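A.B. asks: 3D model of this:
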Amino acid sequence: MKTSQIVKQIKVVISCPSDVDKEKDIIVRLCDTLSNHIFPNKNIHIKPIHWAENVPRTITGEGPQGTIDKYFKDQDYDIYIGILWKRFGEPQANGLTPTEGEFKDALKRFKKTGRPLITFFFKKEKFYPDNEYETSQFSELQKFKERVGSLGLYDSFTEDLELHEKAFVCIKDFVEKLTIAKDAQISFERIKYPEVNNYITRSVCPANEYKPDDFWIIGDKLKKDITNIVKLKNRITLIGDAGCGKTFELKRTANHFSEENSPFYPQFIRLNTFTNQNIEQILPEKWEKIPENQLLIILDGLDEIESKNKNDAIRKIEHFSEQHQAISIIISCRTNCF
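C.D. replies: Residues are numbered from 1 along each chain as shown. Reported below is the predicted structural model:
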């Protein structure tokens, strides 16, 4: 007799205007691919939700967007994915565009319950506005992008293939984080890292957006908290000049994620004593007991490794990274040595 199995459903809300319908369809197909080919053995089904396909066509007297807002308000969803290119939408009765309102609701839910996990994809393909309306729409969209960017919640893409690759990794990672084992099931003692005394608040920015000559002018637009980026990216290199506070920032990250309700088990390791070990040998005993998508390895000071050992260290870090792709890894290095 065949036993029944409980299938866990992960709901993914896709929020976007009509100018990125093609990109929205890519996310829908990705959800089907992940359900049918990546997660079937784990009994996980990923259900995409978008207003055009899922919101019932009913007359409520609240108007089309009011009906959509009410539908999403009543939904219990796990992942929010926004997509924008050149259109931002028209403000509704609440003063927000539809996509802006849906994002605000998702962010409010996340701050309260830890769900949904959120990301935004901004299309970088160039276009030339034909009129004042299109110019205004794009201008408002850029302002919104800066607000989302300050939270470390967005990525960019140019072509369909790039969106497919980035969204695949993102959704797969989000699903794994949503279905990880509870701390009580892990036979590994959580390390509680101390707070950083006299910590000075710092921000980071993507290297491809950093312009030294203009940084003090546009710096506020690029500000991102590294703890937010860690939740979205599992490979991070923190580069900066000597004395700018890289070690302090990584120690503060270790402290932040060592709380009991954290999604990660951080492991802070100074590389200044590295000789020729494998990465597995410098990790604490029983590290392999931690689910890989819950392990955060913080490697401080790539530039501090002796010159004779540096190439071996880089090869071993790369090998470990390839063998354990679900593990989150941060490495710090001086700019002139990177």
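
A.B. asks: stretch 131-146: which residues count as buried?
C.D. replies: Residues Gln137, Phe138, Glu140, Leu141, Phe144, Lys145 are the ones in stretch 131-146 that count as buried (16 or more other CB atoms under 10 Å). In this view, the C-beta of every residue, glycine as well, is placed from N, C-alpha and C.

A.B. asks: helix or strand with the lowest mean pLDDT in this structure?
C.D. replies: Taking mean pLDDT, DSSP states H and E as the measure, helix 215-222 is the helix or strand of the chain with the lowest mean score, a mean of 54.

A.B. asks: show me the strands in the stretch 51-200 of the chain, by range?
C.D. replies: In the stretch 51-200 of the chain, the strands defined using DSSP state E, counting those that start in this stretch lie at 79-84, 117-123, 154-157.

A.B. asks: most packed of these?
C.D. replies: When neighbours are counted by mean count of other CB atoms under 10 Å, the highest per-stretch mean among the strands of the stretch 51-200 of the chain falls to strand 79-84, a mean of 26.

A.B. asks: contacts for stretch 235-253?
C.D. replies: Stretch 235-253 is contacted from outside by 193, 195-196, 199-200, 202, 204, 207, 226-227, 229-230, 266, 268, 298, 300-301, 321, 328-336, 338, using CB atoms under 8 Å, 6 or more residues apart in numbering.

A.B. asks: where does the prediction get shaky in this protein?
C.D. replies: Low-confidence segments of the chain, defined by pLDDT under 70, span residues 1-7, 40-41, 52-75, 180-188, 209-222.

A.B. asks: helix/strand/coil for the residue nearest to the spatial centre of the chain?
C.D. replies: Per CA atoms, centre = their mean, the C-alpha nearest to the average position across the chain is that of Leu232, at 1.7 Å. In the three-state summary, Leu232 is assigned as coil, counting by DSSP: H, G, I helix; E, B strand; the rest coil.

A.B. asks: try the one 5 residues further on
C.D. replies: The three-state label for Thr237, taken from three-state DSSP, comes out as strand.

A.B. asks: ok so, going back, can the strands of the stretch 51-200 of the chain go into CSV with extra columns for distance to Thr247?
C.D. replies: Rendered in CSV, the data for the strands of the stretch 51-200 of the chain read as follows (distance: least, CB to CB, whole Å):
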stretch, distance to Thr247
strand 79-84, 34
strand 117-123, 29
strand 154-157, 27
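
A.B. asks: right, so of those, which gets closest to Pro284?
C.D. replies: Comparing those by their distance to Pro284 (CB to CB), the top pick is strand 117-123, with 27.6 Å.

A.B. asks: that closest one packs against which elements?
C.D. replies: On a contact count with 3 or more CB pairs under 8 Å, 6 or more residues apart in numbering; DSSP states H and E, strand 117-123 meets strand 79-84, helix 98-113, helix 132-150, strand 154-157, helix 160-178.
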